[in-house]
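Asker: pasting a predicted model and its sequence here:
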Amino acid sequence: MIITGLMSGTSADALDAALVEITDDVDGTLHLDLLAAHEIPFPEALSADIHRLLTPGEVPLELVSSVDRELGLHGAGAVAALLEASSDRTGRRCELVVTHGQTIRHEVVDGQVLSTLQIGQPAWIAERTGLPVLSDIRARDVAAGGSGAPLVSLLDHLLLAGRPGAAADRATAMLNLGGIANITVVAPGRETIAFDTGPANALIDVMARRLSGGAQHWDREGRLAAQGEVDQPLLEALLTEPYYARPAPKTTGKELFHGDHLDAALHRRATLPGPRPRDVDVVATVTALTARTVAQACRRHDVGEVVASGGGTRNPTLMRMLRAELAHGGAPIELTTTDDAFGLPEGAKEACLTALLGWLSWHGLPGTLPSVTGAAHPSVAGRLTPGHDPLALPDPRGRMPDRLRIRRASEPAAAPTTTPAHQSPGGPECTP
């Protein structure tokens, strides 16, 4: 089955699209063939409007409605461009589009997710492409008492299942470095767990925008952080956030880790002795915060290997700090990437996740792990918007797949010349 997956995260700078073919074997193995992938940046005005919606507080309903439309149109264009660019790669027609949408609210009260809202009207995608569209893939898990996140844990679990060379006594953590960092921990004989460790690029992006007057949305190649020095008093002030000490499973987002959160820590730092940190020192410090909190979370769960993906893997300063944190404080923890470990490009992982969830829902199979989200039961994810033809679902599969293998990853399709491709270090991830 050929599926297009779309993913947009809290960095709100671009939409990732992946065209995949998923097949299953009688032994319970799924094969995912990445046929093409590209990224289409959001127009500046749309990105700015999304950031307005992500800011805590009240927002105009008219803005929610207009951004819902614009995101739907942008998604429709992304699918059309991807299918056109890859038309010579497959003689078969794409059968389904799966869109995550843009998370604008993820309401958490006393550790319980009460609501989650993703926008990006799927009807625009169905109308332009003629294909059925699966959307709203988190809400059913929340209705079942879960957190609706992280959904990527199912992909991680299937990728790691039966992986040759896995340590017999230590866990492997699949790490996503988007706006928020999250890990899925898989260990022999233990139940899979997943949770958000804290900010990945969220606070780094805040500082990059401030230092550039809004012209730069992320710390490109970690250059700003590389110019600074970690301010230990500020780092300690940031580490007092109670979220870090809460047990897993847990979830968070930009409703907590935003500019005001950083400013509160800077205010506390100003009351302490010593010279105030320079702006580049603040960038270095929030980068170190990501590395420290990820490493601490991994050590709490006896992780022996970290397999990283997401935009943060393209920040050399962050990866250097993370590698150093993982090498100290206990037994060394190996750090690699999904590209090296599985042949799955880091930038395409979340779009492939949405495609996988679409395949499962299309075949009547659940797309959540209750041990991860805290839901009362597994749920079939999403709701369907018909395309030009009547919906014709296959008979439900009677068995969940046991493992997922990346059969091959072809060269990414070229993005349209009117929207040059780039991948921000704060790339897609509510939490994936």
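Answerer: It's in.
Asker: how near is residue 13 to residue 54?
Answerer: 12 Å (C-beta to C-beta, to the nearest Å). Backbone N, C-alpha and C define where each C-beta goes, glycine included.
Asker: more crowded one of those two?
Answerer: residue 13 (26 against 21; other C-beta atoms under 10 Å).
Asker: is the more buried one in contact with residue 40, as I believe?
Answerer: No. Residue 13 is not in contact with residue 40 according to C-beta atoms under 8 Å; the separation is 10.5 Å.
Asker: which helices and strands does the longest helix anywhere in the chain pack with?
Answerer: Using DSSP state H, we find that the single longest helix of the chain is helix 61-85. Packing partners of helix 61-85 (3 or more C-beta pairs under 8 Å, 6 or more residues apart in numbering; DSSP states H and E): strand 2-7, strand 14-24, strand 29-41, helix 44-54, strand 102-109, strand 112-119, helix 122-129.
Asker: repeat the analysis, applying 6 Å as the threshold.
Answerer: For helix 61-85, the packing partners by 3 or more C-beta pairs under 6 Å, 6 or more residues apart in numbering; DSSP states H and E come out as strand 14-24, helix 122-129.
Asker: look at residue 307 and say how many residues are nearby.
Answerer: Neighbours around residue 307, by other C-beta under 10 Å: 26.
Asker: which residues does residue 187 contact?
Answerer: Contact analysis of residue 187 by C-beta atoms under 6 Å, 6 or more residues apart in numbering lists residue 171.
Asker: what about 8 Å?
Answerer: 170, 171, 172, 301, 302 (C-beta atoms under 8 Å, 6 or more residues apart in numbering).
Asker: check residue 173 too.
Answerer: So residue 173 contacts 183, 184, 185, 186, 298, 301, 303, 305, 306, 307 (C-beta under 8 Å, 6+ apart).
Asker: check the residues you listed against residue 388 and report the nearest one.
Answerer: residue 184 (37.3 Å; C-beta to C-beta).
Asker: quick check: buried residues in the helix or strand that contains the closest one?
Answerer: In the assignment (DSSP states H and E), residue 184 maps to strand 180-186. Buried residues in strand 180-186, counted by 16 or more other C-beta atoms under 10 Å: 180, 181, 182, 183, 184, 185, 186.
Asker: stretch 152-159 too?
Answerer: Buried-residue list, stretch 152-159, by 16+ other C-beta under 10 Å: 152, 153, 154, 155, 156, 157, 158, 159.
Asker: check which helix or strand covers the third one.
Answerer: Meaning residue 154. helix 152-160.
Asker: next, the angle from that helix to strand 2-7.
Answerer: If you take axes from the mean of the first three to the mean of the last three C-alpha atoms, to 10 degrees, helix 152-160 sits at 130 degrees to strand 2-7.
Asker: using CSV, write out every CA atom in helix 152-160.
Answerer: Taking C-alpha atoms only, helix 152-160 is exported to CSV below (Å, rounded to 0.1, in the frame of the first residue of the first chain):
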residue,chain,number,x,y,z
VAL,A,152,6.3,7.7,17.6
SER,A,153,6.9,5.0,20.3
LEU,A,154,5.0,2.4,18.2
LEU,A,155,7.4,3.0,15.3
ASP,A,156,10.4,2.8,17.6
HIS,A,157,9.1,-0.4,19.2
LEU,A,158,8.6,-2.1,15.9
LEU,A,159,12.0,-0.9,14.5
LEU,A,160,13.9,-2.2,17.6
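Asker: now do that helix: distance to the chain's middle.
Answerer: On the basis of C-alpha atoms, centre = their mean, to the nearest Å, helix 152-160 sits 13 Å off its chain's mean C-alpha point.
Asker: got the angle between it and strand 180-186?
Answerer: For helix 152-160 against strand 180-186, the angle by the same axes, to 10 degrees is 40 degrees.
Asker: shift numbering so it begins at 32
Answerer: Happy to do that; since the first residue is 32 now, the last one works out to helix 183-191.
Asker: give me the spatial nearest neighbour of residue 398, chain neighbours excluded.
Answerer: Spatial nearest neighbour of residue 398, excluding adjacent residues (C-beta to C-beta, 6 or more residues apart in numbering): residue 412 at 3.8 Å.
Asker: burial check on that neighbour, number of neighbours?
Answerer: Residues near residue 412, counting by other C-beta under 10 Å: 26.
Asker: OK, contacts around it?
Answerer: So residue 412 contacts 165, 168, 169, 171, 172, 182, 388, 391, 392, 397, 398, 399 (C-beta under 8 Å, 6+ apart).
Asker: show me this structure divided up by domain.
Answerer: Annotated domains of the chain cover 33-184+377-438, 197-373 [the TED database].
Asker: can you pull out the helices in the stretch 282-431 of the chain?
Answerer: Taking DSSP state H, counting those that start in this stretch as the criterion, the stretch 282-431 of the chain carries its helices at 290-301, 310-331, 347-358, 369-373, 380-393, 401-404.
Asker: returning to that earlier point: give me the angle between the helix or strand that the strand holding residue 215 is followed by and strand 211-217.
Answerer: Note on strand 211-217: by DSSP H and E, the next helix or strand toward the C-terminus is strand 224-230. Using the same axes, to 10 degrees, the direction of strand 224-230 lies 150 degrees away from that of strand 211-217.
Asker: sorry, back to before: okay, buried residues for the longest helix of the chain please.
Answerer: Neighbour counts over helix 92-116 (16+ other C-beta under 10 Å) mark 98-99, 101-110, 112-114, 116 as buried.
Asker: good, we can wrap up now.
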